[in-house]
Structures are given as C-alpha cells and as structure tokens.
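[1] next input, structure requested:
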Amino acid sequence: AFAELLARESHDLVIVARDLPRLNARAEEWRVRYNIEVEVIQADLSRDEDIRRLELRLQNLSRPVDVLINNAGLALGLNSLAGSFTAGIRGAAIDKWGHKWPIRILVPGYAIGIIFENMASTSTQILIWAFLLGISAPPINISIRPLWKQIFPEELVRGAYGVDTALMNSVGVIGPAIATTLSLSSHPGSALSACALSMLIGGFALERIITSRSWAHEKKNPNEAKFIKVPAIQLLAIEGVFIGLGWGFFDVGVPAFATLQGVPHRTAWLFAIMSVSNVAGGLIAGLLKKRKSSYRTMRTIYGAWALFSLPLYFTSPNWSLALVGATLGLAGGALQVIYFEVLELVRPAGTATASLGWLWTIEGSMAAAGSAMGGWVSKNISPQFCLGITSAMLCIGYLIMTFGRKRLAAADISPTEIARTEAIGDTEDLTE
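    Prediction:
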C-alpha cells in the first residue's frame, strides 16, 4: 500500500520481496500505470546474505534512496494477533490459580521462546515462534492491577492506577527505542536477548513480592451471570469493537499520510508526542479527587476524547496533527485510569484479571482488523479518510457509553452516596 501511494505521486521505487514473479509483475504494472522507474530486488530478510546485499544497495550513492519504508512486519502482526486472541485465557488462569504458578511457568517459557526466536534462521521459524510467543505471553500488566486494591486504601487506588498506567505507557515508548538502538548496533541479536532478560527480571520480581504471593483470588459468585452475559461487560465489549477498529485505522493512517506527504520521518515524533501526552494524562487522572461517580468522570473524559478527535480529518502531518495527537493522548491516558475503576465496579466476582484480558481480546483483535482495512482505505481512498474513521469510532464509543448508562449503574454511585450508605450501616450495627 505504501509503495503504490508513492508510485501515484510519481516517485521512482526500489521494491524488495521474496516472491520474484509477483515482484516483477507489480513492478511492470507500476511502470506502465504511473510512468516511473521501478528497481526489483529479490531478498529474504531472514537471511544474513540477503540483508548484506540490501545494505550494499542502500549505500550506493550513485542511485540514492531518499525514503526507506520497512514493511516486513508479518511476524509482529501475527504475534500481536495471537496475544490479543488469548489474553482472556491467560487472565483467567491468573484468576483461577493466582500469580505463583502461572508466572513461574509462563515467564521462563516466554524467555526461552525469545531465545529460540533470536536463533531462528528461516521466515517459517520466525513466524512459528512469533505465534507461540503471542499465545504464551505472561499477562503481567493486567495481573498487577488487582494488587493495587490490596496495597492501598480505597481513596488512593485511583492514584495507583494513574502511576501504573503512566509507567506502562512510558515503557511503551522507551522499550522500542532501546530495542531499535540495540538492533542497529554491531550485535543486533542483543535486542531480543535484552527482552528475554527483562522478562525474567520483571516476572520473578513480581512473583517474589509478598502481595503477589499472598494474593487470594476472588471466588466466583454462583448467583451472578456468566462473564459475557453480564450487561455491563456486553456494553464494554461493543465499545471495544469500535475503539479497536478506530485505533487500527489511526495506526496505519498516520504513517501513510506522512509518507504520502513526503515526510515519513515525522511519523516517529508524531507518535512520540502522543505517547508522552498519554503518560501525562494517566498521571493527571490519578490526581483527580473523587467528587463524582466513576461512570460520570469517565463519560466526561470520554466526551473530551471524542471532541478532540474531530479535527483529525482536517490535519496534516505537521504541527496540526501533533497538536490533535497530544490532546488525544492526554484524554486517552486519563480515560484508561478511570476505565479501570469502572470495570472493577461492574465486572462479576472472580474475574479481576480475566475481565481486562477478554476485553483486550476483543479490542486488540479489532485493532488488527482496523489496521488491515486501513491499508486498503489508505491505498484506494486516502489516509485522511482513515483518520476520519478514527474520529467516527471514538464518537460512537462515547454514544455507547452515554446511552448504556443503565448497564453501568454499578459504577454510577457518587462518593457521597457511598459514604451515606456506609454511615447508615454503621448506625445499624451500633443499634444492634
């Protein structure tokens, strides 16, 4: 999709792939249709000799390459899809057996899998290990959230969620930067080695924490409906479908738009600005005092999030998209924190970890679908249309949350009402 976008703009191309007949057919099609020069290089990027041959071509200053687009991401996409599909299952394992044994099994298994991924020499091996790593990823991030309620009193839990969200989002920015630096060093395999080591350190540190080891997972209430039959969960699942699709379109639309405008290097800092704002939003939300119900706070922030997205279609990959991205990141980071609160209040007992996992299964899978559709939309309509779809999806999500208020009634109880109820209960206890 990116290559044809550049071809439409009359840019000469150097295209790389394993399938030479298909590559030649596409090159000839673009030469005739767009009147451009297309150089063909057959290469398998899992083979060192092909990578070196490609490096030599890039170093040829007599025929310089001005814009480089690395689209060899099938393994990453397969890993993400496998991870999102199985997040609920892994979360349910934590809810059933606690942190101890799932962490002890999944963490070293995942680290060993990364080492084998690093040793893989063919594209098939890389894809197999990417898939296995996706389905076996330790659910450390979602399994930590239930622990905060054990560590902190109720009035400080929101702040803990805020710090948790900010740290997770920070690592999402810093981690890829470190991995890229290591990958471009003289020892590119050190990136995956560092990933395996980090997983071992983090996983076993979590397993050794007293709160984690002593965490008593909730017992399910036999009188409650099954997870997917709970009206509040159904509502959040529907909302997750639209939000996942929206961000899938966004993740493809931004780089496609920047590439089409001849500024692909801006993609990185546009996403970086959004990520930093996301961290700030999480911290700010953690500082908010509980004056309203969690649902009302979430709806307010959600409304701002949808409102901030409306100019997306009219931006360009410059300060305008950076500004809109920053406001989206700020509201999105804050929304994550309050979303945890709402989910904690409406989920059925015994699903502290699985609830987040299953909802991520839906949202993550839809994000993958949105990315796939975003590639087609960017190619056949325009990248701006992808950004417009993102705005539409966020607005639909807001409407779902607004009109689904009754389903989220358990999260729509103000702190004043809670205090009044507790006071009445204390009075009745004294009377008895």
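[2] give me the buried positions along whichever strand or helix holds residue 284.
    Residue 284 belongs to helix 266-287 when assigned by DSSP states H and E. Buried residues in helix 266-287, counted by 16 or more other C-beta atoms under 10 Å: 266-267, 270-271, 273-286. Every residue, glycine included, has its C-beta placed from N, CA and C.
[3] let me know the next secondary structure element after that helix.
    Following helix 266-287 toward the C-terminus (DSSP H and E): helix 294-309.
[4] can you name every helix or strand that that following helix contacts?
    When contacts are defined as 3 or more C-beta pairs under 8 Å, 6 or more residues apart in numbering; DSSP states H and E, helix 294-309 sits against helix 319-346, helix 383-403.
[5] keeping just the C-alphas, turn it into PDB.
    Taking Å, rounded to 0.1, in the frame of the first residue of the first chain, the C-alpha atoms of helix 294-309 are listed here in PDB:
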ATOM      1  CA  SER A 294     -16.500   6.800  38.300                       C
ATOM      2  CA  TYR A 295     -19.000   6.500  35.400                       C
ATOM      3  CA  ARG A 296     -19.700  10.200  35.300                       C
ATOM      4  CA  THR A 297     -16.000  11.000  35.400                       C
ATOM      5  CA  MET A 298     -15.300   8.500  32.600                       C
ATOM      6  CA  ARG A 299     -18.100   9.900  30.500                       C
ATOM      7  CA  THR A 300     -16.800  13.500  30.900                       C
ATOM      8  CA  ILE A 301     -13.300  12.500  29.800                       C
ATOM      9  CA  TYR A 302     -14.600  10.300  27.000                       C
ATOM     10  CA  GLY A 303     -16.600  13.200  25.700                       C
ATOM     11  CA  ALA A 304     -13.400  15.300  25.600                       C
ATOM     12  CA  TRP A 305     -11.600  12.500  23.900                       C
ATOM     13  CA  ALA A 306     -14.200  12.200  21.200                       C
ATOM     14  CA  LEU A 307     -14.300  16.000  20.800                       C
ATOM     15  CA  PHE A 308     -10.500  16.300  20.500                       C
ATOM     16  CA  SER A 309     -10.600  13.700  17.700                       C
END
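[6] show me what contacts the most centrally placed residue in the chain?
    Central residue of the chain (C-alpha atoms, centre = their mean): residue 364, 7.0 Å from the mean position. Contacts for residue 364 (C-beta atoms under 8 Å, 6 or more residues apart in numbering) come out as 80, 81, 83, 84, 85, 87, 244.
[7] what do you get for residue 101?
    If a contact means C-beta under 8 Å, 6+ apart, then residue 101 has no contacts.
[8] tell me the pLDDT of it.
    pLDDT, residue 101: 82.
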